[in-house]
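>>> Quick one: sequence and predicted model below, then my questions.
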Amino acid sequence: MKKPTLLLLQASLLLPALALAQSAFVGTWKADVNNNIQLPKKPNEYLLTGGVYTCKTCVPSYSVPADGQDHKVTGHPYFDTAAIKVVDDKTIQETDKKAGKTVTTVVTKVSADGTTATFDVIDSSASSGDPVKVKGESMHVAKGPAGSHAISGSWRATKFESVSDNGLLTTWALSGSTLKMTTPTGQSYSAPVDGSDSPYMGDPGQTSVSIKKVDDHTIDEVDKRDGKMIGSAHITVSADGKTMTVAWKDALHGTDGSYTNIKQ
């Protein structure tokens, strides 16, 4: 449907102002994982018993023998096999592959008293270049059934000890009224700030994105996979342009949180 000529003229006159308003976002930003971060309160739930490992809160959930061998899983965009190795009664290692290539390894070690666990992740599932390396800690909020492995039960991530820079950096630029985003790990988009869908590149789990200007320092982002919303973010740059608050929601897992980016 064609818009009246007057409306088209008004829209064209607004474009420079719209782009100028979005200039607060332009530049390279680094996520601060040590301060002003709110991790999801909803826990992840796992069960390892009888030689079988189950990720109950994965979407979709899956169960595989805990024998250290690759086993097929379906419905996950990032991997198609999972191998669970029981290292000892407190430690497991998961290796995920896609088309035979290792994309993620996770070593989880439960503390002697069973109240906390450390996780050590090497992730190249959605990246180019070097993998993203993450170390952190989780809290045991509910125990697994009697006789199950120590990893069993519900766990909530409480902190990140370290994240490699390639997993923290995001660069945004403007071309007219189009906001462009790139990361060191190969994700990118070029999206007009009018809320329309644009392709999201470099991530097997996301196919499109929409960016909508709220005000001079705020945008809303909606992430989709094959037309279905999988997440969203409300992103606000501070008045002094030095920090950016990202409040995100994961629609697939029903979780949310927030973190702060620092202008580099």
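Nice, thanks for sending it over. Not measured: the values here are computed from a predicted model.

>>> Tell me where the stretch 1-150 of the chain has strands.
Taking DSSP state E, counting those that start in this stretch, the strands of the stretch 1-150 of the chain run over residues 27-32, 44-49, 52-55, 62-65, 71-72, 81-88, 91-98, 101-110, 116-123, 132-143.

>>> Give me the contacts around the second one.
Contacts with strand 44-49, where a contact means Cβ atoms under 8 Å, 6 or more residues apart in numbering, come from 53-57, 66, 84, 86, 92, 138, 142, 144-145, 147-149, 151-157. Where you see a C-beta, it was placed from the backbone N, CA and C, and this is true even at glycine.

>>> Could you pick out the buried ones from those?
53-55, 57, 66, 84, 86, 92, 138, 144, 149, 151-155, 157 (16 or more other Cβ atoms under 10 Å).

>>> Work out for me the element the residue nearest to Asn36 when sequence neighbours are not counted sits within.
Nearest residue to Asn36, sequence neighbours excluded (Cβ to Cβ, 6 or more residues apart in numbering): Thr260, at 4.4 Å. Secondary structure assignment for Thr260, by DSSP states H and E: strand 255-263.

>>> and the angle from that strand to strand 44-49?
120 degrees (axes from the mean of the first three to the mean of the last three Cα atoms, to 10 degrees).

>>> Can you tell me which helices and strands strand 255-263 packs against?
If you count contacts as 3 or more Cβ pairs under 8 Å, 6 or more residues apart in numbering; DSSP states H and E, strand 255-263 packs onto strand 27-32, strand 243-250.

>>> Does the closest residue to Ser190 other than its chain neighbours lie in a helix or a strand, and which?
Among residues not flanking Ser190 along the chain, Lys180 sits closest, at 4.8 Å (Cβ to Cβ, 6+ apart). Take DSSP H and E as the rule and Lys180 turns out to sit in strand 178-182.

>>> counting contacts, what elements does the host helix or strand of Val209 pack onto?
Secondary structure assignment for Val209, by DSSP H and E: strand 208-215. Contacts defined by 3+ Cβ pairs under 8 Å, 6+ apart place strand 208-215 against helix 5-21, strand 188-192, strand 194-201, strand 218-225.

>>> 7 Å instead, please
Taking 3 or more Cβ pairs under 7 Å, 6 or more residues apart in numbering; DSSP states H and E as contact, the helices and strands that strand 208-215 lies on are strand 188-192, strand 194-201, strand 218-225.
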